[in-house]
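Undergrad: sharing a model that was predicted from the sequence below.
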Amino acid sequence: MQYIMKGGNPLVGEVVIGGAKNAALGILAAAVMTDETVVIDNLPDVRDINVMLEAIAEIGVIVDRVGKHTVKINGSNIHTVQVDNAYIRRMRAGYYLLGALLGKYRHAEVALPGGCDIGSRPIDQHLKGFRVLQAVTSVEYGRVIADAKQLIGGHVYLDMVSVGATINIMLAAALASGSTIIENAAKEPHVVDVANFLNSMGANIKGAGTDVIRIRGVERLHGTEYSIIPDQIEAGTFMLAAAVTRGDVTVCNIIPKHMEAISVKLQEMGCEVVEFDDSIRVVGKPKLQSCNVKTLPYPGFPTDMQPQISVALALAEGTGIVTESIFENRFKYVDELTKMGAQVKVEGNVAVITGTNQLMGAELVAPDLRAGAALVMAGLAAEGFTTVDAIHYILRGYENFDEKLRGLGAEIDVINDEREAQKFRLRVG
Ligand code: UD1
């Protein structure tokens with residue numbers, strides 16, 4: 001399956017942003033920690049979420065998809081704490097089931113995490129946290145095992161700011177005895193959302209959104225109804241798409257505060273960014289100006305937006321330096337961009353991007369989720385036809401991506417073979 005597109009149309013109009021995938025993954029794991037029914041709304045209908053739902057259903061959780069974006073979960077019939085779904089290995093966030101099941105049952109076994117290949121992605125900080133809570137951890141037959149006779153709160157100092165470790169430790173600690181303090185915690189909006197969700201189930205978590213989180217363990221969690229926050233990265237991707245196509249797009253149903261790092265960069269590049277209560281309008285300008293970008297933990301510029309802003313820099317006036325400080329292997333898409341005429345030099349974790357007036361359509365392959373979306377943006381800004389292969393990556397995190405882009409006036413479609421490509425070319429001319 002590929003996307004095919006003809007670039008050149010400015011994207012114009014409104015696009016509604018879905019629920020945050022990365023918050024949803026933590027929340028679905030948290031939802032199995034009670035025996036009562038939990039209703040979760042604003043759930044994005046994307047592959048990673050469907051894999052997670054399948055994985056929890058396999059261990060006995062009752063998953064009732066009551067609507068496209070609403071699910072009812074009941075974890076009272078879990079019959080095994082071994083999670084070894086064939087797909088979960090390909091997804092990073094399966095590891096949240098370690099913290100969730102360890103908290104609830106004091107034992108968990110989960111197949112080692114996969115996810116996008118954007119550098120080595122160890123989970124030593126997660127395991128360190130579990131050990132502070134008195135669990136014993138090991139890796140056997142490709143599974144991570146965590147076991148605790150008693151789970152007792154403790155003081156965890158993270159060596160680096162890790163979203164995954166912060167959420168995972170929070171999950172286990174929510175049902176531990178006594179209090180846990182996580183220092184150097186991640187402050188991402190989805191960390192706060194998972195904490196709010198757990199609190200709505202009766203957990204006692206304070207300080208989420210700061211770098212010290214305090215969790216007082218409770219005996220049990222109860223049912224709740226909860227709506228997931230909007231996806232910062234989906235919103236950011238459409239904001240950048242407006243900039244690179246010199247369009248005028250309003251991203252709706254978002255929390256503008258979460259978008260600040262991105263909004264500021266777009267303004268530096270010369271775009272007009274107008275904030276409303278729950279939407280942002282981005283008006284692209286004929287000429288973008290270069291700027292420098294360094295990815296950092298929240299509230300810094302998100303690493304998940306690094307490929308998208310690099311596409312904008314490839315089309316800007318002047319030279320911009322992009323420093324990737326979270327993952328060491330996140331420039332693999334650069335080879336694809338250079339096929340379109342982009343001028344990018346990568347040296348370690350730094351990309352030096354010299355803007356050009358026009359990218360040319362090309363045949364591209366998505367190397368991972370966010371870079372895949374960035375290549376689509378590049379194709380929409382380029383002259384002529386572009387194809388992007390391996391779009392299963394993109395479908396992991398973007399719901400109805402091509403449909404939403406078409407709603408903004410993009411010429412884009414999904415094709416399965418050359419005949420369909422030919423039809424598209426004839427249709428759009
Ligand atoms: C999450 C997001 C991902 C995003 C990333 C950074 C999910 C499912 N994925 O990934 O989209 O790009 O945050 O915002 O929410 N590290 C260790 N040891 C650990 C844990 C992390 O060395 O135990 C390192 C990582 O290799 C990386 C850095 O810490 O260099 C940050 O990783 P982390 O925040 O944990 O990312 P993820 O939770 O995997």
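TA: Yep, that arrived. Numbers count the residues shown, from 1 in each chain.

Undergrad: tally up the residues packed near the closest residue to Gly75 other than its chain neighbours, please.
TA: The shortest distance from Gly75 to any non-neighbouring residue, by CB to CB, 6 or more residues apart in numbering, is to Val32 (3.7 Å). Where you see a C-beta, it was placed from the backbone N, CA and C, and this is true even at glycine. Residues lying near Val32 (other CB atoms under 10 Å) number 26.

Undergrad: what of Ala366?
TA: Number of residues near Ala366 (other CB under 10 Å) recorded here: 24.

Undergrad: the closest residue to it other than its chain neighbours: what's it in contact with?
TA: Nearest non-adjacent residue to Ala366, counting by CB to CB, 6+ apart: Gly372, 2.9 Å away. For Gly372, the contact set (CB atoms under 8 Å, 6 or more residues apart in numbering) comprises Tyr333, Ala366, Val388, Ala390, Ile391, Tyr393, Ile394.

Undergrad: give me the nearest residue to Ser263, chain neighbours excluded.
TA: Val273 is the one closest to Ser263 (CB to CB, 6+ apart), at 4.7 Å.

Undergrad: for that neighbour, give its distance to Arg425.
TA: 35 Å (CB to CB, to the nearest Å).

Undergrad: report the buried residues of stretch 182-198.
TA: 182, 184-198 (16 or more other CB atoms under 10 Å).

Undergrad: any buried residues in the helix or strand that contains Ile213, and which?
TA: Taking DSSP states H and E as the criterion, the element that holds Ile213 is strand 212-216. Neighbour counts over strand 212-216 (16+ other CB under 10 Å) mark Ile213, Arg214, Ile215, Arg216 as buried.

Undergrad: same check, this time on stretch 325-338
TA: Ile326, Phe327, Arg330, Phe331, Lys332, Tyr333, Val334, Glu336, Leu337.

Undergrad: what ranges does the stretch 151-300 of the chain have for its strands?
TA: 155-157, 179-183, 204-206, 212-216, 225-227, 248-252, 272-275, 279-283, 288-289, 293-294 (DSSP state E, counting those that start in this stretch).

Undergrad: any chance of TSV for the ones you listed, columns distance to the ligand?
TA: Formatted as TSV, these follow (distance: least, CB to the nearest ligand atom, whole Å):
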stretch	distance to the ligand
strand 155-157	11
strand 179-183	13
strand 204-206	18
strand 212-216	14
strand 225-227	18
strand 248-252	19
strand 272-275	22
strand 279-283	20
strand 288-289	24
strand 293-294	14
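
Undergrad: list the neighbouring strands of the strand holding Ile213 plus their orientation.
TA: Sheet pairing of strand 212-216 (DSSP bridges) gives strand 179-183 (antiparallel), strand 204-206 (antiparallel).

Undergrad: of all the ones you listed, which one is nearest Lys287?
TA: strand 179-183 (45.1 Å; CB to CB).

Undergrad: what about the closest one, average pLDDT?
TA: Strand 179-183 carries an average pLDDT of 98.

Undergrad: and if you look at stretch 245-258?
TA: Mean predicted lDDT for stretch 245-258 stands at 98.

Undergrad: for that stretch, buried residues please.
TA: Buried, per 16+ other CB under 10 Å, within stretch 245-258: 245-256, 258.

Undergrad: quick one: contacts of that stretch?
TA: With CB under 8 Å, 6+ apart, stretch 245-258 has contacts from 7, 9-17, 189, 229-230, 232, 235, 238-239, 241-242, 263, 275-286, 377, 380-381, 408-410.

Undergrad: filter these down to just the ones in helices.
TA: Pro189, Gln232, Ala235, Phe238, Met239, Ala241, Ala242, Ser263, Met377, Leu380, Ala381 (DSSP state H).

Undergrad: what's across from the closest residue in space to the fifth one that isn't next to it in sequence in the sheet?
TA: Put plainly, it is Met239. Nearest-residue entry for Met239: Val282, 4.7 Å, with adjacent residues in sequence omitted and distances by CB to CB, 6+ apart. Bridge pairing for Val282 (DSSP bridges) gives the partners Val249, Val273.

Undergrad: Val282 touches Glu275, doesn't it?
TA: No - counting by CB atoms under 8 Å, Val282 does not reach Glu275; the two are 10.4 Å apart.

Undergrad: Leu380: how many residues sit nearby?
TA: Neighbours of Leu380 (other CB under 10 Å): 28.

Undergrad: do the same with Gly164
TA: Around Gly164 there are 23 residues (other CB under 10 Å).

Undergrad: what residues are up against it?
TA: For Gly164, the contacting residues are Arg92, Ala93, Tyr95, Tyr96, Ile123, Gln125, His126, by CB under 8 Å, 6+ apart.

Undergrad: near the ligand, which of the residues you listed show up?
TA: Restricting the contacts of Gly164 to those near the ligand by CB under 6 Å from any ligand atom leaves Arg92, Ala93, Ile123, Gln125, His126.

Undergrad: separation between the closest residue to the second one other than its chain neighbours and the ligand?
TA: Distances taken as CB to CB, 6+ apart place Leu25 nearest to Ala93, at 3.8 Å, with adjacent residues excluded. Distance of Leu25 to the ligand, given as CB to the nearest ligand atom, to the nearest Å: 5 Å.

Undergrad: mind putting the ones in helices among the contacts of stretch 245-258 into CSV with distance to Pro299?
TA: Putting the ones in helices among the contacts of stretch 245-258 into CSV (distance: CB to CB, whole Å) gives the following:
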residue, distance to Pro299
Pro189, 9
Gln232, 11
Ala235, 15
Phe238, 20
Met239, 16
Ala241, 23
Ala242, 22
Ser263, 12
Met377, 24
Leu380, 29
Ala381, 28
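
Undergrad: average pLDDT for stretch 264-282, rounded please.
TA: Average pLDDT, stretch 264-282: 98.

Undergrad: where does the residue in the chain positioned nearest to the ligand land on pLDDT?
TA: Closest residue of the chain to the ligand, CB to the nearest ligand atom: Gly164 (2.8 Å). In the predicted model, Gly164 carries a pLDDT score of 96.

Undergrad: ramachandran angles for the residue lying closest to Met160 once chain neighbours are set aside?
TA: Distance criterion CB to CB, 6+ apart; nearest residue to Met160, sequence neighbours excluded, is Gln125 at 6.9 Å. When read as degrees, to the nearest 10, the backbone of Gln125 gives phi -70, psi -30.
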